[in-house]
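# sequence plus the predicted model coming up.
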Amino acid sequence: MAKRKAATKALTNKSCRQISDLVFDYLNEKLTPATKRDFEQHLSICPDCVSFLNTYKKTVAVTSSVKVEQLPPKVRENILAFLRKRIRRIGAFLIFLATYLAA
Amino acid sequence: METFEPMTGPTASVETEFVAVTAGGLEPTLRGRASARRKRPSGKDESALIERLKAGDQEAFEAIFDLYSPKLYRVAQRILGEVADTQEVIQDVFWTVYRKAKSFRGNSQLSTWLYRLTINAALGKIRREKKHSKEVEYEEYLPKFQEDGHHLVRPVVDWSDTLDEKFAKQELQGLLSAALDQLKPLDKSVVVLSDLEGMSDKEIAKTTGLTVSAVKTRLHRARLFLRGKLAVHLGYSAA
């Protein structure tokens, strides 16, 4: 392990901590060409960072697939009924106001 | 009165190509996040609806409700968790839309305004009612490094290929939902808008009022936390 650690340090410009900080921009293709090159160079000799990247990517993928509750028809009806009632009230109030002001 | 900033770039086709680096080299894997789920009416149709809404046309209001309520409900429900709370938030959002339609200057997308109202209403509800009690310290689940910058715990186990085998789909969904609920409310909102709704970082910034840089930082940290939760659940170190 000590040998591998020394090799990682000697052969790349980035540490594993820096790779962790850069992974977001790497996946969004926002790294400069030079930084991307350093990033990928580090990955080519660091299996720990390859594992880190793969598990990070997997996390994003499974999070994207989390099931979300759809709007139930009954709830939709309740909301619409509430809104229509309020709009009617406002309409009635405006008619009252207009009549009052005209009188 | 809310202010509306101009959107930059197209928003209906937000795509991000993810590239997987494996021991074997680079290979494209995921294209886009949840962008395929986001379909909008054409700008022309929407503008006409907005103009009619501004004139007090109730049919236009209900057309906008039909277009956006499923999406906004999904977002609010994921943030709040409870149907009754979500219903209340969506009611408030659309009531605000009806009352304040005239103040919508059209500099930004209608959807940005609607998502912003929804996020603000949901976060406001959590804040007012102190509903968020399950929050945990992120630190325990974030990767850790030695002083020289190497991973603290080695080897880092690649469990990406075994996750689906080890858990039934429903169990994984439950685990992730619970982990999402442990995020700070604003972080959860950012994750929901990004990884579930497929918004770009810029759109999320406009929706939440955060800077793009703050969006990236929060999203990255939240993803690291979720990754750590998954790792620990699988019996591995989060570090």
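Nice, thanks for sending it over.
# what segments of chain A are helices?
A:2-11, A:16-27, A:33-45, A:47-64, A:73-102 (DSSP state H).
# B:Val156 is nearest to which of these?
helix A:47-64 (4.1 Å; C-beta to C-beta). For the C-beta atoms, the positions are set from N, CA and C on the backbone; glycine is no exception.
# and the residue of chain A closest to chain B?
Nearest residue of chain A to chain B (C-beta to the nearest C-beta) works out as A:Ser15 at 2.6 Å.
# spatially nearest residue to that residue, not counting backbone neighbours?
Computed as C-beta to C-beta, 6 or more residues apart in numbering or on different chains, the closest residue to A:Ser15 that is not its neighbour in sequence is B:Gly149, at 2.6 Å.
# phi and psi next, for the one you found.
phi 90, psi -10 (degrees, to the nearest 10).
# list the residues that contact whichever residue of chain B sits closest to chain A.
In chain B, the residue that lies nearest chain A is B:Gly149 (2.6 Å; C-beta to the nearest C-beta). By C-beta atoms under 8 Å, 6 or more residues apart in numbering or on different chains, the residues touching B:Gly149 are A:Ser15, A:Cys16, A:Arg17, A:Gln18.
# which two among those are spaced furthest apart?
The span of those, defined through C-beta to C-beta, is set by A:Cys16 and A:Gln18 at 7.4 Å.
# more crowded one of the two?
A:Cys16 (26 against 18; other C-beta atoms under 10 Å in any protein chain shown).
# for B:Tyr236, see how far away that one is.
Computed as C-beta to C-beta, to the nearest Å, the A:Cys16 to B:Tyr236 distance reads 16 Å.
# look up phi and psi at the residue lying farthest from the centre of chain B.
The C-alpha centroid of chain B is most remote from B:Asp148, which lies 34.8 Å away (C-alpha atoms, centre = their mean). With angles defined as degrees, to the nearest 10, B:Asp148 sits at phi -80, psi 0.
# hmm, A:Cys16 and it touching each other?
No - if you go by C-beta atoms under 8 Å, B:Asp148 and A:Cys16 don't touch, sitting 9.1 Å apart.
# B:Ala76 sits in which helix or strand?
If you go by DSSP states H and E, B:Ala76 is part of helix B:58-80.
# okay, domains of chain A per the record?
A:2-64, A:71-103 (automatic domain parsing).
# which residues of the chain score low on pLDDT?
The chain I'm using is chain A. Within chain A, the segments meeting pLDDT under 70 span A:1-12.
# you answered for a different chain; I wanted chain B.
If you take pLDDT under 70 as the line, chain B has these spans: B:1-43, B:131-135.
# all strands for it, in order.
Remark: strands assigned in chain B by DSSP state E are B:17-22, B:25-31.
# thought B:Arg78 was touching B:Val190?
No - in terms of C-beta under 8 Å, B:Arg78 does not count as a neighbour of B:Val190; the distance is 11.8 Å.
# which one's more surrounded, these two?
Between B:Arg78 and B:Val190, counted using other C-beta under 10 Å, the more crowded position is B:Val190 (30 against 24).
# does that one touch B:Thr208 like I think?
Yes - between B:Val190 and B:Thr208 there is a contact under C-beta under 8 Å: 6.7 Å.
# between these two, which contacts overlap?
Common contacts of B:Val190 and B:Thr208, defined by C-beta under 8 Å, 6+ apart, comprise B:Val215.
# any idea how chain B splits into domains?
B:17-129, B:139-233.
# show me the helices in chain B, by range?
Counting by DSSP H, the helices of chain B are B:43-54, B:58-80, B:83-100, B:110-129, B:163-166, B:169-181, B:185-191, B:201-208, B:212-233.
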